[in-house]
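Novice: could you work out the structure for the sequence below:
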Amino acid sequence: MTNTAPRYDRVQIILHWLIAPIILAMIILGLFMVELPKQSELPAGEESVRAFYFLLHKSMGISVAFLIILRVFWRLTHKAPALPDTIGKWQQKAAGAVHGLFYLLMVAMPLSGFMQSIYSKYSTKFWGIKLPRLAEADQGMREFYSQVHEYLAFALIVLIVIHLVAVVKHKLAGSAISDRMSLKR
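Specialist: Next up, the predicted model:
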C-alpha cells in the first residue's frame with residue numbers, strides 16, 4: 001500500500017492545531033482549578049477566585065466542543081492519509097486505535113463536563129452569557145459526571161503522552177531513514 005495522500009488536508013491540520021493547545025490548556029486549568037479553595041474554606045474577608053476559573057474552563061469547553069464537532073464531521077467526510085509502508089502493521093493498527101480513542105474522548109470530555117455543569121447548583125455560563133437550565137440541580141448526578149469527567153481527563157492525558165511519544169519516535173525514525181538515504185548518494 002502506498003501513501004496516496006501524503007498529508008492531512010489544510011482544514012484537518014488547522015483544526016488539529018486549534019484544538020490541541022486548547023485541550024492541553026484545559027487539562028492544565030482543570031487540574032489547577034480543582035485544587036483552589038472554595039469560598040467556604042477561606043478566612044472571612046478573603047475572596048475565592050475558584051468560580052472565575054471554573055467559568056473560564058466551561059466557556060473554553062463549550063467553545064472547543066464546537067471545534068470538535070466540526071473536526072469529527074470533517075474527518076468523517078475527508079479521508080486521512082495512509083501511513084507510510086515503513087510503519088509496521090501492528091503500529092498502524094495501534095495508531096488507528098489511538099486516533100479512534102482520541103475522537104471518542106474529544107466528544108465524551110465536553111459532554112461529561114456539560115452534564116456535570118447542568119446538574120450543578122450554579123448556572124452554566126458561556127463567556128458570560130447565562131445558558132438555560134436543562135435540569136434541576138442534583139448533587140448525585142453532578143458527582144457522577146464529575147467522576148466520569150475526571151477519569152476521561154486522565155485517559156486523555158495518557159493518550160496524549162502515547163501520541164507525543166509516537167510522534168517523536170517516528171520523527172526520529174524518519175530522520176534516521178533520511179540520513180541513511182543521503183549517505184547512499
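Novice: grab the nearest non-local neighbour of residue 83.
Specialist: Excluding the flanking residues, the one nearest residue 83 by CB to CB, 6 or more residues apart in numbering is residue 92, at 5.0 Å. C-betas here are computed from N, CA, C, even on glycine.
Novice: for residue 87, grab phi and psi.
Specialist: phi -90, psi 130 (degrees, to the nearest 10).
Novice: who touches it in this structure?
Specialist: Applying CB atoms under 8 Å, 6 or more residues apart in numbering, one finds that residue 87 lies in contact with 95, 170.
Novice: helix, strand or coil for the closest residue to residue 99 other than its chain neighbours?
Specialist: Nearest-residue entry for residue 99: residue 80, 7.8 Å, with adjacent residues in sequence omitted and distances by CB to CB, 6+ apart. Secondary structure, DSSP: H, G, I helix; E, B strand; the rest coil: residue 80 is coil.
Novice: roughly how far apart are residue 80 and residue 95?
Specialist: Shown here: residue 80 relative to residue 95, a distance of 10 Å by CB to CB, to the nearest Å.
Novice: which SSE is the spatially most central residue of the chain in?
Specialist: The centre of the chain sits closest to residue 23, judged by CA atoms, centre = their mean, with a distance of 4.2 Å. In the assignment (DSSP states H and E), residue 23 maps to helix 10-33.
Novice: not counting that helix itself, show me its contacts.
Specialist: For helix 10-33, the external contacting residues (CB under 8 Å, 6+ apart) are 7-8, 50, 53-54, 56-57, 60-61, 63-64, 67-68, 70-71, 74-75, 78, 80, 106, 109, 153, 156-157, 160.
Novice: which ones among those lie within helices?
Specialist: In this view, these that belong to helices under DSSP state H are 50, 53-54, 56-57, 60-61, 63-64, 67-68, 70-71, 74-75, 106, 109, 153, 156-157, 160.
Novice: tell me the angle the strand or helix carrying residue 99 makes with helix 10-33.
Specialist: For residue 99, the element it lies in under DSSP H and E is helix 89-118. With axes from the mean of the first three to the mean of the last three CA atoms, to 10 degrees as the basis, helix 89-118 and helix 10-33 are set at 60 degrees to each other.
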